[in-house]
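S.K.: A structural model of the following input is requested.
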Amino acid sequence: MGINDILHTVYSCLPETPLPGAPSLSATISSYTSSSGEESSSGEDRVSALPDDLLRNIANLIRAADLRDGSGLVAFVSRVLTDHQGPFRWVHLSWNFLGNHQGELAQWLSLFADKGVETLILVNRPWPLDVLLPASILRCSSLRRLYLGVWRFPDTTGHPRGPDVFPHLQELGICHAILQEHDLEYLLACSPELKIFGLIQSYGFPSRVRISSNSVRCVLLWFSTAEELAVVTATRLQRLILYYTNPGRTSTTNVKIGYAPELTVLGYLDTASHVLEIGNTIITAGEKNVSPDAMVQSVKVLALMVCFSVASEVQTLLSFVRCFPHVETLHVMVERIRMPSIKEDVEEEYASDDELGSMFWEESHMTKVLLDQFRWGVNELGFLELVLRSAEMLESAVLVLDGGMSSEEVTQATRRLAWLQDSVKFASDECELTMFAPPRGSWSYHRASDLSLSDPFPSRHDARDARDGERVARASTIFGPSLKNLRER
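M.R.: Numbering: from 1, shown residues only. Have a look, this model is predicted:
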């Protein structure tokens with residue numbers, strides 16, 4: 001992955017400004033109500049033309065995408081920050097050669113600390129990656145949201161620690177930065193109100209991600225690699241998101257779940273590259289009798305990533321699901337063979353082996369299953385049949401077709417859907433099976449971290465613009481809403 005691809009991912013994860021887009025070297029001004037109840041004026045103007053008192057209670061967005069060395073912007077920003085009293089509600093500095101101006105950057109962070117800053121987004125571009133972020137960042141105690149990109153985080157050894165360092169910080173994103181394990185531990189220990197923590201495009205820094213926090217509710221490992229992701233003690237953790245943590249699925253990550261009594265959303269667990277450990281038990285492929293100590297009773301929404309052409313991954317999928325006996329919604333992302341060294345194994349035994357699947361599904365609490373990037377492969381179909389004929393509480397089974405399917409393959413899929421209804425006896429009379437064309441776009445960091453959503457994983461309703469909505473509606477008409485309707489047509 002090149003630097004432009006990395007930065008594209010980083011930028012897509014940054015918080016969206018509450019202000020309309022502004023041109024280079026400008027700030028956008030919007031109405032803002034202060035704590036005293038007074039509303040500032042509204043409009044848009046060049047920063048250089050703004051009177052001093054208007055910058056007290058506004059969110060500042062300063063971008064410089066086209067500057068070559070950044071010196072003009074640095075001098076300009078230094079003057080603005082020095083001359084105005086603050087506080088700064090929103091500061092976004094990116095696309096600048098900030099690494100060439102360490103002294104000025106340290107001064108800015110000191111000004112933010114002294115005058116107050118609530119949201120700070122600071123992204124260095126371009127290389128080198130190991131530009132040291134000034135330690136004065138640790139003095140910005142007024143922060144509520146902090147996103148740092150392409151920096152080497154300062155060594156926290158010897159710095160004051162405790163809840164007074166970041167007493168108000170609720171959201172923290174570390175993007176393609178060098179962060180050591182002890183520095184992560186420091187950040188978590190010094191942020192007593194932290195709710196959302198994300199590692200974005202992080203490649204082994206830190207190599208072990210250990211979560212100990214009494215406040216964090218959502219942890220995301222997003223396009224990042226690590227040897228270990230361990231939830232040690234997280235009393236309020238509700239959501240653990242892992243998304244493309246091992247590109248190519250050639251390495252492994254140990255995913256350890258310790259004490260997380262409120263964990264309700266988990267995924268994507270990858271059956272090829274994640275080694276799942278619950279308590280002190282490593283979950284192995286084909287495990288049929290999971291100990292109660294190796295179960296997480298609180299999880300309601302589970303997402304898995306599996307290549308159905310590899311029999312061992314299917315066995316691992318079934319073992320993983322057994323560890324979460326109260327799952328109500330299961331998402332399965334269907335992966336394809338990527339490495340030529342891996343041979344496809346299309347054994348069908350698991351699909352008809354009641355000992356492996358049906359007894360578990362009969363006792364499950366699952367009401368919805370969604371298979372994404374579905375192509376009607378032999379083992380995909382076998383797994384679907386297993387669920388349909390065994391899950392007695394199932395209300396909805398959703399198939400989202402692979403976007404790479406040809407029109408002829410889609411037509412064949414329609415016929416197979418009708419055949420499935422005729423040939424498989426559903427365990428639940430209430431189950432509705434539907435099939436949809438894939439929506440455009442991709443799953444977003446913003447959706448994954450949105451705690452207002454009970455199920456943040458992608459479904460057929462995600463990533464639609466107006467055309468996609470029509471496209472999905474047509475697919476719904478052709479393929480659904482139910483097999484009964486399809487068969488009658």
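
S.K.: show me where the stretch 351-489 of the chain has strands.
M.R.: With DSSP state E, counting those that start in this stretch as the criterion, the stretch 351-489 of the chain has strands at 368-374, 396-401, 432-436.

S.K.: now for the longest one, which elements pack on it?
M.R.: Just to be clear, that refers to strand 368-374. strand 329-334, helix 378-390, strand 396-401 (3 or more Cβ pairs under 8 Å, 6 or more residues apart in numbering; DSSP states H and E). The C-beta positions use only the backbone N, C-alpha and C, and glycine is treated the same way.

S.K.: which strands and helices sit next to the second one?
M.R.: What it means is helix 378-390. So helix 378-390, by 3+ Cβ pairs under 8 Å, 6+ apart, packs with helix 311-322, helix 349-352, helix 358-363, strand 368-374, strand 396-401, helix 407-423.

S.K.: quick check: the spatially closest residue to Leu453 that is not a sequence neighbour vs Val321, distance?
M.R.: The shortest distance from Leu453 to any non-neighbouring residue, by Cβ to Cβ, 6 or more residues apart in numbering, is to Arg447 (6.9 Å). Distance, Arg447 to Val321, by Cβ to Cβ, to the nearest Å: 24 Å.

S.K.: who has more neighbours, these two?
M.R.: Val321 (21 against 13; other Cβ atoms under 10 Å).

S.K.: so the more buried one touches Ala303, yeah?
M.R.: No. At 11.2 Å, Val321 does not count as touching Ala303 under the criterion of Cβ atoms under 8 Å.

S.K.: overlap in contacts, these two.
M.R.: Counting by Cβ atoms under 8 Å, 6 or more residues apart in numbering, the residues touching both Val321 and Ala303 are Leu330.

S.K.: buried ones in stretch 175-185, by neighbour count?
M.R.: 175-180, 183-185 (16 or more other Cβ atoms under 10 Å).

S.K.: and the residues you listed, which two are the farthest apart?
M.R.: His176 and Glu185 (20.3 Å; Cβ to Cβ).

S.K.: return the residues in contact with the closest residue to Ile283 other than its chain neighbours.
M.R.: Nearest non-adjacent residue to Ile283, counting by Cβ to Cβ, 6+ apart: Leu276, 4.4 Å away. Contacts for Leu276 (Cβ under 8 Å, 6+ apart) come out as 255, 257, 269, 282-283, 320, 323.

S.K.: what subset of those is buried?
M.R.: Buried members of those, counted by 16+ other Cβ under 10 Å: 255, 257, 269, 283, 320, 323.

S.K.: want to try JSON lines for those, with pLDDT and distance to Leu242 as columns?
M.R.: Supplementary listing: the buried ones among the contacts of Leu276 in JSON lines, determined by pLDDT from 0 to 100; distance: Cβ to Cβ, whole Å:
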{"residue": "Val255", "pLDDT": "98", "distance to Leu242": "7"}
{"residue": "Ile257", "pLDDT": "98", "distance to Leu242": "12"}
{"residue": "Leu269", "pLDDT": "97", "distance to Leu242": "7"}
{"residue": "Ile283", "pLDDT": "95", "distance to Leu242": "15"}
{"residue": "Phe320", "pLDDT": "95", "distance to Leu242": "13"}
{"residue": "Cys323", "pLDDT": "95", "distance to Leu242": "15"}
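
S.K.: out of those, who's nearest Ser212?
M.R.: Nearest to Ser212 among the buried ones among the contacts of Leu276, with distances taken as Cβ to Cβ, is Ile257, at 13.2 Å.

S.K.: least confident secondary structure element in this protein?
M.R.: The helix or strand of the chain with the poorest confidence is strand 27-29; it has a mean of 27 (mean pLDDT, DSSP states H and E).
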